[in-house]
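Peer 1: have a look at this prediction, sequence included:
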Amino acid sequence: MKRFGRLAILLGLALLLTLSSAQTQGGTLRVAWAQDPVGLDPHITSARSSIQILENVLDTLVTLDAEQNVVPSLAESWSVSDDNLTWTFKLRSGVQFSSGRDLTAEDVVYTYERMLDPETGSGQAYLLAGVTAVEAPDASTVVLTLESPNPALLTKLAGSKSVGIIARESVEDGTINTQPIGSGPFVIADYQPGVRVTLEKNPNYWQEGLPYLDAIEVQIITDENVRRTALIAGDVDWAISVPAQSVSELKGNTDLVVDEVPAGAYWYIGLNLEREVLSDVRVRQAIAMTVNRDNIAMAAAFGNAQPTQDPIPSSSVWAYGYAPYTYDPEAARALLAEAGYPDGLELEIMPTTQYEESIRVAQVVQANLAEIGIRATIRTLEWAEWLEEEGSGNYDTYICSWNGNVDPDDFFGAQHGTGEVFNFTGYSNETVDELLDEGKNTDDFETRRGIYEQINQQVVDDAPYVYLYNPLEINVYRTNVMGYATRADQAIRFVETYLE
C-alpha cells in the first residue's frame, strides 16, 4: 500500500512536471502587426508599431503591472528625498544585456543623457522633463535630480519603452535603429522593413525561466481583412487588431479568443491653427458641434468604442466627462456666419491608409461638415507621407489617435503645451501652459485632479483637437495561445506567453 502511495506521488509529480514544462517547451509565436515599425531607436521613434516591438526587447527601471500600478523592473527599490527633488534607484544584481555584458548604473546614465541631449533630437525627451542630472554613484545606484517635484515621474519611467535602457554599443556601431541591444526577454534577430521582424529568446534574460517562447515572428500585414483571414485560417496565432466590423463574428469562433479592454487612448480630429480659417475658435467650435460622435463611433469602430468630447476614458480615475457641445448644425452655421463664413468654406481632411479606421472617420466627418456648408475633400496618404505632412504642418485637418496614456499629463502635455514636440496643431494657450507646469509639480491627488480638470475644459473649449471616441483595445488570438492578456495601456508583452 505504501509502495502504491509512493508510486502515486511520483506519478503526480511527473504529471505536474509535464504540465509546468508545457510552458517552457518553446515554439514560435506567429503574430500579425498592422504597421511597419518606423525605426527602432527608442529615443527617435514615436510610432506605436515600433514601441510595441521594443516592449519585448528593452527593460525600464520600473514598469506597470496589468492594473497600471508602478512595480519594480530593473530597479528593485527606490526612494525619494523629503523635498521630492532627488530620486534614488537601486538596481537588481545579475542583470545582463542580451549581448552578455552586465547592465550597470552607467548604462542608465548613458541612456537618459542621450535621450536628453538636444543633438539626439529625441521627441521622447519630454518623458524626462525636469530631470537636471543623472548620476551613478556606484554600479548599482542611479540618482535623478529634478528641478522641481514631479509626481508623474515614476509613471513616465514605467509607461513607455522610449525610456528603456539601451547598450551604448548599439549606438556606437550604428545598429540602434534596426537592432537595439536591451535586457528584455527577446532580441531582434532579423528586421526586414515592410515584411517581418523576427524576435528570438534572450538567453541572458534575468527573470529565471522566462520567456517561454523560443521566437516570435512578427508579420507586417497592413490590410485588416487579410489579418482577419490569416487568423481564422491559422496562418498566424495572434493579431494586433482585426476589422472592427468582424469582432462580433470572431467572438463566435470557438478557435479564437477576442480579448478586449477599455484603452487609455482616443481618436480625434487635429485642426491646423496656422491656417487662417482654423485660427478662429468659432470655426473650430462649429466643427466640434457638427460632428456626430455616436455615428462616427459606430461607423468607424462598429460600436467598439465610447463616444466622447474630452480625451480621458470613463474607466480612468482622471476622467471628467466634460461635454459642452450638443450636435446642433443650425447653431454651427450661425457660428460660421459670425466668423465671416456665411456661405461656408473649404477644408481638407487627411486620414491614412495605415489605419482604415481613420478613413471611415474621415468619410463620416466629411458628410457631417457638408450639413453646415463646409465643403471637405479627403486626402488619404500612405503612413510615411502622412507623418511627414503632419510634422511639416502641411494639412488643414487630420484624423489620428493618441495611445498608451496613463497619467493625465500623458493626455495633454506633449500635444497641447506651447512648442512641444507633438504639438502639430500650433495650439498655444498661456493658461494651459501654466496649468501643465503646475500639474506636473503637484503631489496631492485631489489638487492635481482639479488642475487637470481646468486643462481638460480649456482644451475642449479651444478645440485644437475635436475629440471623437475612446476605443477598446482588442487583440485576437487562437485558443492555444496562453499567458497573454490585452492591456489598457496597449503594451504588448509576450514574456509569459506560451503555446499549448
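Peer 2: On my side now, so go ahead.

Peer 1: every contact and neighbour count from this point should use C-alpha atoms.
Peer 2: Noted.

Peer 1: nearest residue to the middle of this protein?
Peer 2: Within the chain, one residue has its C-alpha closest to the average C-alpha position: by CA atoms, centre = their mean, that is G404, at 3.1 Å.

Peer 1: is it in a helix, a strand, or coil?
Peer 2: The local conformation at G404, judged by DSSP: H, G, I helix; E, B strand; the rest coil, is coil.

Peer 1: which non-adjacent residue is nearest it?
Peer 2: For G404, ignoring the flanking residues on the chain, the nearest one in space by CA to CA, 6 or more residues apart in numbering is D489 at 4.5 Å.

Peer 1: what about the one you found, how many neighbours?
Peer 2: Number of residues near D489 (other CA atoms under 10 Å) recorded here: 23.

Peer 1: quick one: contacts for the residue nearest to the centre of the chain?
Peer 2: Remark: with contacts taken as CA atoms under 8 Å, 6 or more residues apart in numbering, G404 is in contact with 159, 263-265, 488-491.

Peer 1: the residues you listed into a markdown table, with extra columns for secondary structure?
Peer 2: Formatted as a markdown table, the entries for those read as follows, by three-state DSSP:
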| residue | secondary structure |
| --- | --- |
| G159 | helix |
| A263 | coil |
| G264 | coil |
| A265 | coil |
| A488 | coil |
| D489 | coil |
| Q490 | coil |
| A491 | coil |
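
Peer 1: who wins for neighbours among the residues you listed?
Peer 2: The most crowded member of the contacts of G404 is G264, carrying 27 neighbours; neighbours defined as other CA under 10 Å.

Peer 1: my guess is that residue meets P313, correct?
Peer 2: Yes. With contact defined as CA atoms under 8 Å, G264 counts as touching P313 (6.6 Å).

Peer 1: what's the overlap in contacts for these two?
Peer 2: Each of N470 lies in contact with both G264 and P313 under the rule CA under 8 Å, 6+ apart.

Peer 1: what packs against the longest strand along the chain?
Peer 2: Ranked by number of residues, the top strand in the chain under DSSP state E is strand 465-478. When contacts are defined as 3 or more CA pairs under 8 Å, 6 or more residues apart in numbering; DSSP states H and E, strand 465-478 packs onto strand 238-239, strand 256-262, strand 266-271, helix 293-301, strand 305-307, helix 445-462.

Peer 1: columns distance to Q52, mean pLDDT and mean neighbour count on top of these, output as TSV?
Peer 2: Formatted as TSV, those follow (distance: least, CA to CA, whole Å; pLDDT from 0 to 100; neighbours: other CA atoms under 10 Å):
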stretch	distance to Q52	mean pLDDT	mean neighbour count
strand 238-239	13	98	25
strand 256-262	17	96	18
strand 266-271	18	98	25
helix 293-301	22	95	20
strand 305-307	22	96	21
helix 445-462	28	97	18
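
Peer 1: and of these, who's closest to L335?
Peer 2: helix 445-462 (14.0 Å; CA to CA).

Peer 1: what's that closest one packed up against?
Peer 2: Judged by 3+ CA pairs under 8 Å, 6+ apart, helix 445-462 is in contact with helix 281-288, helix 408-416, helix 430-440, strand 465-478.

Peer 1: reformat the ones you listed as JSON lines; add mean pLDDT.
Peer 2: Conversion of the helices and strands packed on helix 445-462 to JSON lines gives the following (pLDDT from 0 to 100):
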{"stretch": "helix 281-288", "mean pLDDT": "98"}
{"stretch": "helix 408-416", "mean pLDDT": "94"}
{"stretch": "helix 430-440", "mean pLDDT": "95"}
{"stretch": "strand 465-478", "mean pLDDT": "97"}
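
Peer 1: turn these into TSV, columns for mean neighbour count.
Peer 2: Below are the helices and strands packed on helix 445-462 laid out as TSV (neighbours: other CA atoms under 10 Å):
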stretch	mean neighbour count
helix 281-288	23
helix 408-416	21
helix 430-440	17
strand 465-478	24
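
Peer 1: which among the ones you listed is found nearest to R275?
Peer 2: When these are ranked by proximity to R275 (CA to CA), helix 281-288 comes first, at 11.4 Å.

Peer 1: then the closest one to CSV, C-alphas only?
Peer 2: Once non-C-alpha atoms are left out, helix 281-288 reads as follows in CSV (Å, rounded to 0.1, in the frame of the first residue of the first chain):
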residue,chain,number,x,y,z
VAL,A,281,-12.1,79.4,-32.4
ARG,A,282,-15.7,79.9,-33.6
VAL,A,283,-14.9,77.8,-36.7
ARG,A,284,-13.3,75.1,-34.6
GLN,A,285,-16.3,75.1,-32.2
ALA,A,286,-18.7,74.9,-35.2
ILE,A,287,-16.9,71.8,-36.3
ALA,A,288,-17.0,70.4,-32.7
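
Peer 1: that helix: how far from the chain's middle?
Peer 2: Going by CA atoms, centre = their mean, to the nearest Å, the spacing between the C-alpha centre of helix 281-288 and its chain's C-alpha centre is 28 Å.

Peer 1: how about R284, what does it touch?
Peer 2: Neighbour list for R284: 271, 278, 462-464 [criterion: CA under 8 Å, 6+ apart].

Peer 1: ok, now with 10 Å
Peer 2: 271-273, 277-278, 290, 332, 335-336, 461-466 (CA atoms under 10 Å, 6 or more residues apart in numbering).

Peer 1: before we move on, what about S279?
Peer 2: 271-273, 426-427, 464.

Peer 1: wait, R293 sits on L468?
Peer 2: Yes. Between R293 and L468 there is a contact under CA atoms under 10 Å: 5.6 Å.

Peer 1: okay, and the common contacts of those two?
Peer 2: When contacts are counted by CA under 10 Å, 6+ apart, R293 and L468 are jointly contacted by 306-309, 361.

Peer 1: with respect to D190, which of these is nearest?
Peer 2: Sorting the shared contacts of R293 and L468 by how near they are to D190, with CA to CA, puts V361 at the top with 35.3 Å.

Peer 1: in stretch 364-375, what's buried?
Peer 2: 364-374 (16 or more other CA atoms under 10 Å).

Peer 1: cool, and stretch 58-74?
Peer 2: Buried residues in stretch 58-74, defined by neighbour count with 16+ other CA under 10 Å: 58-64, 68, 70-74.

Peer 1: quick one: the helices in the stretch 101-250 of the chain?
Peer 2: Listed in chain order, the helices of the stretch 101-250 of the chain (DSSP state H, counting those that start in this stretch) span residues 105-116, 153-159, 168-172, 224-233, 247-251.

Peer 1: average pLDDT for the longest one?
Peer 2: Helix 105-116 shows a mean pLDDT of 98.

Peer 1: what of the last one?
Peer 2: Over the span of helix 247-251, the pLDDT mean works out to 95.

Peer 1: any idea how far it is from the chain center?
Peer 2: 24 Å.

Peer 1: give me the contacts around it.
Peer 2: Taking contacts as CA under 10 Å, 6+ apart, the residues outside helix 247-251 that touch it are 228, 231-232, 241-242, 256-259, 301-304, 474, 476.

Peer 1: how does it look with 6 Å?
Peer 2: Under the criterion CA atoms under 6 Å, 6 or more residues apart in numbering, residues V258 lie in contact with helix 247-251.
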